[in-house]
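A.B. asks: Following is a predicted model, sequence given first.
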Amino acid sequence: MAATTQIKQLRIATRNCGFIDPESLDDYIALRGYEALAKVLTMTPAEVVEVIKTSGLRGRGGGGFPTGVKWGIALSNKADQKYMVCNADEGDPGAFMDRAVLEGDPHSVVEAMAIGGYAIGATLGAVYIRAEYPLAIKRLRLAIDDARAMGLLGKNIFGSGFDFDIEIKYGAGAFVCGEETALIRSMEGHRGEPVSKPPFPAQSGYWNKPTIVNNVETFANIPAIILKGADWFSSIGTATSKGTKVFALAGKIVNVGLVEVPMGTPLREVIFDIGGGCPDGKEFKAVQTGGPSGGALAHKDLDVAIDYESLIARKSMMGSGGMVVMDEDDCMVSVAKFFLDFTMDETCGKCTPCRIGSKRLYEILDKITKGHGTHADLARLKSLCEAIKDTALCGLGQTMPNPILSTMDTFAGEYEAHVTQKKCPAHVCTAMLTYTIDAAKCTGCTLCTKVCPVDCITGTKKQPHVIDASKCIKCGACYDKCKFDSVIKL
Amino acid sequence: MSMLTVTIDGKITTVPAGSTILDAAKKLDVDIPTLCYLNLEDLRINNKGASCRICVVEVEGRRNLAPACATPASDNMVVKTNTLRVLNARKTVLELLLSDHPKDCLVCAKSGECELQNLAEKFGIRESPYDGGEMSHYRKDISTSIIRDMDKCIMCRRCETMCNDVQTCGVLSGVNRGFSAVVAPAFEMNLADTVCTNCGQCVAVCPVGALVEHDHTWEVVDALANPDKVVIVQTAPAVRSALGEDLGIAPGTSVTGKMAAALRRLGFDHVFDTDFAADLTIMEEGSEFLDRLTRHLNGDQTAKLPILTSCCPGWVKFFEHNFPDMLDVPSTAKSPQQMFGAIAKSYYAEILGIPREKLVVVSVMPCLAKKYECARPEFAVDGNPDVDIVISTRELARLIKRMNIDFAGLPDEDFDNPLGESTGAAPIFGVTGGVIEAALRTAYELATGETLQKLEFEDLRGMDGVKVATVQVGPHALRIGVAHGLGNARKLLERVRAGEAFHAIEVMACPGGCIGGGGQPYHHGDIELLKLRTKVLYDEDAGKPLRKSHQNPYIIELYEKFLGKPLSEKSHHLLHTHYFKRQRL
């Protein structure tokens, strides 16, 4: 089995994680560290950009914009100062690939930023990292200091005349600061809010200078591409999505953690062959990809070859690579509500659709899960989602409706049941839940009466018991306690 | 400059590169609704947030809708502004805004002037599909000048642009996230406890009723109805340039005579003019300038130059907070409003033979900071303020309507004397450059003993944020600086602090001067209104038989009978003040 798993995984971005001492520059160098930077310094910036373009590498932070194209724009924009920024403001619930790279192989990012700096003509770099990542910050700081001491950062790197240095900027944990324009505003000391594009940061970004913002995982791929060549990298993956992607498996899955697989790997392989499927023999129901900006994929999507386009076609997205697995016990309306709760809390409040729209979407979902929803609410939900996608200022707002739209699409019956029958098929929405006792199974052991906090279960010993629904607070204590599966949820 | 061809709703136009879709639409007379957008190019006021999303349009080849106000036009761009998709999106945005906005239009200070209300009407919104949804709730903040009711805030951020980018006061900024996001001072302090200068530019641009003036009209009504009081009124120069706009008179029309008539109809016992006090200010400030200049040239180290004008209470509070090391630089002369109050409650009360407590002095000002100024403790005698009540131009218009006065049908009347006479030097106090121009007219003649041939100092006029000119006064080439808008004032003051030599500097806190004050009728982003008001005041100056403050016969009489001479002990006591160091936060 181990052998199979190894074949399914292909580690490029996380190639060194776990194999080297992340606090040792020597370890990194021993595995060809900084060789890519040395090689790049013998090339012209345009040649470097061309290699990245040819490799087909696309942004791993969410949008999937071709990295080489982005660099090319910054290269062609003449300015007295340009900036290379690393976005380490990882914020999707359950996602931690950037943290793993920074904690496990910080030099790969430092080296890649220097390569990028050379390619676009930037002499200064900055890593925007959330302050909640203390170990990543410590190791990154150490890596920068060691690299500087070794002459791999700073003035006249490798005697080439190229100067490049990196500073660390701390984020305060605002999800929206992962959006590149908000990130730049935050780095400048302003309130972390996105600004209208264009102009794009590659034209006018940090302090109004051409700025490239790339994600940690994107950077981690760069040295490997330089060393092994664009053709090698582009031979991996699908027609439009090259290389590998790191996914963070979370939720109802046996093997929780990070996995790096070639683009185009079927979802089924990731969830079942690598992830081991759902625990406790429960049936797989859905997987949320792309975090709060993505959507839920179901059984029918399991054989989809994962890449940027195939996910978008299914109303989801790659995002930063979060995969939250749901099983039969999960209510998809509640899942959508969970993600809306997150975005409602994390929207900066700048633009109307996101600030107020998120609240209203949440309220409608809340109404549905409480058993008060109507068909008019479903229609309102959908039209509001479409309007927000169309009008919100930044990616956060534009993708916020995705969890709702995708679940409404794939699990329409579940929404319908909530609204028409006032029932939650997964028995999650307590407002619509009734606990009863199956008289045929009940042995009259009386355990349930002892745990019931409101004394709503009555019955004599060895006789079937009864729950008084009018008093029941739906705490589920009897359900959990019963040894004979006689307490049932309706 | 390269030109771009843009098609909007089937109509084709060309615009210079750098133009937005909205610019192109304006050129084609295609009316795209806006809410957060504010762009007064001549004054470099630009709210770039693109946050309200009302102006979204369909752009061919673009996935989502584009905000017309912030999206650069590109060559051969095809735009549609009125498709079902666009209209539905705008309607949804409006419904969302209204779902978090109090429906108290009946008692809202902004009713009838509210840009959100206008849009709701335009889109025929009759009910909100989100009724029953939660509304955000914030504490009301009431300062002497401004009322902040953030329940009504729509996060357009225009106030923030004014407070930070234009005025550089840095009081207002977005705080909190998401649904709880709101514009507030740091630590959500009360405005009165902050470095707020009360300039009211936030109020001037707020599209809704979230920021409004602190209305004092009922205090005026009460005073007028009190038989035990003698109630007199003064009106600032800029008021007459704009009052008509709120009363059905075409913008750019001088309503000085009708205003005097209306004030008399309202029941004021004597209708006076701040212009009189403006002439008095020139006598004191001009003399102080000549005194400081002479002493300075004679090597007196205590005589500091440049002299800074001190007419503007927003500016005064601004330098008290931001330039506490330079408090000996501004003129010690009180503002015209406060000079008027001090003279009214001494000289004029004596003429009437009544105690100062029996006299109520009401000011009509284009300004909200004047409300704060009159309440400063140093401008009171034994707790009785020199000026009792200040109302803004907008409030006066409101009062005139409330009292059933047919403003347009009123005859032109004159102000009362002795505190109603003024020269042409006074009305231009309401425009940027006007105070220093008025001062130079008098300083020139006092210093040289010659008659000034050309009264208009063209170099000091106009909308440039900072103007610098050298003016020859006798043997002296005087370097004069003029700034309007506190951000421009800060730049100029930084230059002074860095050692650049000026002899005199005029500052007005509001862009354009008092004609653009926070208490003026709302300009709704139309810069033409400010230009028309400017013209009214320059025309009034040009039409006066006397145009130099020292020629005002009632000023001459005031000095002869009461004050003695400029800078006399009595003048110092009544007409000059001092400044306080204030904290930066």
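C.D. replies: Done, it's in.
A.B. asks: C-alpha from now on. contacts and neighbour counts both.
C.D. replies: OK.
A.B. asks: contacting residues for the residue nearest to residue B:109 when sequence neighbours are not counted?
C.D. replies: Take residue B:109 and drop its neighbours on the chain: the residue closest to it by Cα to Cα, 6 or more residues apart in numbering or on different chains is residue B:209, 6.2 Å away. Residue B:209 makes contacts with B:108-111, B:114, B:149, B:152-153, as judged by Cα atoms under 8 Å, 6 or more residues apart in numbering or on different chains.
A.B. asks: try residue B:36
C.D. replies: By Cα under 8 Å, 6+ apart, residue B:36 lies in contact with B:47, B:49-52, B:156-158, B:207.
A.B. asks: how much space between the residue of chain B positioned farthest from its centre and chain A?
C.D. replies: For chain B, the residue at maximal distance from the C-alpha centroid (Cα atoms, centre = their mean) is residue B:61, at 44.5 Å. To chain A, residue B:61 is 14 Å away according to Cα to the nearest Cα, to the nearest Å.
A.B. asks: what's the distance between that residue and residue B:74?
C.D. replies: 12 Å (Cα to Cα, to the nearest Å).
A.B. asks: Over to residue B:198?
C.D. replies: In terms of Cα to Cα, residue B:198 sits 41 Å off from residue B:74.
A.B. asks: Mind checking which of those two has more residues around it?
C.D. replies: residue B:198 (29 against 18; other Cα atoms under 10 Å in any protein chain shown).
A.B. asks: For the more buried one, what are phi and psi?
C.D. replies: phi 60, psi 20 (degrees, to the nearest 10).
A.B. asks: So which bits of chain B are right by chain A?
C.D. replies: B:49-53, B:56, B:64-66, B:70-72, B:88-89, B:92-93, B:96-97, B:100, B:130, B:133, B:154-155, B:174, B:176-181 (Cα under 8 Å from any Cα of the partner chain).
A.B. asks: Please pick the buried ones from those.
C.D. replies: B:49-53, B:56, B:64-66, B:70-72, B:89, B:92-93, B:96-97, B:100, B:130, B:154-155, B:174, B:177-181 (16 or more other Cα atoms under 10 Å in any protein chain shown).
A.B. asks: Tell me which of those residues fall in strands.
C.D. replies: Counting by DSSP state E, these place B:56, B:66, B:174 in strands.
A.B. asks: what are the bridge partners for the last one, then?
C.D. replies: Looking back up the chat, that one is residue B:174. With DSSP bridges as the criterion, residue B:174 is bridged to residue B:183.
A.B. asks: got a pLDDT number for the most centrally placed residue in chain B?
C.D. replies: Using Cα atoms, centre = their mean, the residue of chain B that lies closest to the mean C-alpha position is residue B:517, 1.1 Å off. With respect to pLDDT, residue B:517 has a value of 97.
A.B. asks: for the helix or strand hosting residue A:125, packing partners?
C.D. replies: Here residue A:125 sits within strand A:124-130, counting by DSSP states H and E. Secondary-structure packing of strand A:124-130 (3 or more Cα pairs under 8 Å, 6 or more residues apart in numbering or on different chains; DSSP states H and E): strand A:83-88, helix A:106-120, strand A:162-171.
A.B. asks: How many residues are close by residue 412?
C.D. replies: Here I'm looking at chain A. Other residues within reach of residue A:412, judged by other Cα under 10 Å, total 14.
A.B. asks: Chain B is the one I meant
C.D. replies: Neighbours of residue B:412 (other Cα under 10 Å): 13.
A.B. asks: ok, and the closest non-adjacent residue to it?
C.D. replies: Residue B:412 sits nearest to residue B:257 (Cα to Cα, 6+ apart), 3.8 Å away.
A.B. asks: which outside residues touch stretch B:131-146?
C.D. replies: Taking Cα under 8 Å, 6+ apart as the rule, stretch B:131-146 contacts A:360, A:363, B:99-101, B:147-151, B:179-180, B:190-192, B:198, B:200, B:203, B:211-214, B:368-372.
A.B. asks: Name the SS class of residue A:488, please.
C.D. replies: Taken by DSSP: H, G, I helix; E, B strand; the rest coil, the conformation at residue A:488 corresponds to strand.
A.B. asks: ditto for residue A:454
C.D. replies: coil.
A.B. asks: Phi, psi for it please.
C.D. replies: The phi/psi pair for residue A:454 (degrees, to the nearest 10) is phi -120, psi 10.
A.B. asks: circling back to that earlier point, of all the helices and strands packed on strand A:124-130, which one is nearest chain B?
C.D. replies: Closest to chain B of those is strand A:162-171 (Cα to the nearest Cα; 15.1 Å).
A.B. asks: right, quick check: that closest one against chain B, any contact?
C.D. replies: No. Strand A:162-171 lies apart from chain B when judged by Cα under 8 Å from any Cα; the minimum separation is 15.1 Å.
A.B. asks: Just the CA atoms of that strand, as PDB, please.
C.D. replies: The C-alpha trace of strand A:162-171 is given here as PDB (Å, rounded to 0.1, in the frame of the first residue of the first chain):
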ATOM      1  CA  PHE A 162      22.400  41.700  -8.400                       C
ATOM      2  CA  ASP A 163      21.100  43.000  -5.100                       C
ATOM      3  CA  PHE A 164      18.100  41.500  -3.300                       C
ATOM      4  CA  ASP A 165      16.900  41.400   0.200                       C
ATOM      5  CA  ILE A 166      13.700  40.300   2.000                       C
ATOM      6  CA  GLU A 167      11.800  41.800   4.900                       C
ATOM      7  CA  ILE A 168       9.000  40.200   6.900                       C
ATOM      8  CA  LYS A 169       5.600  41.900   7.300                       C
ATOM      9  CA  TYR A 170       3.200  40.500   9.800                       C
ATOM     10  CA  GLY A 171      -0.500  40.200   9.200                       C
END
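A.B. asks: Give me the next element, helix or strand, following that strand.
C.D. replies: Sequence order places helix A:180-187 as the next helix or strand after strand A:162-171, per DSSP H and E.
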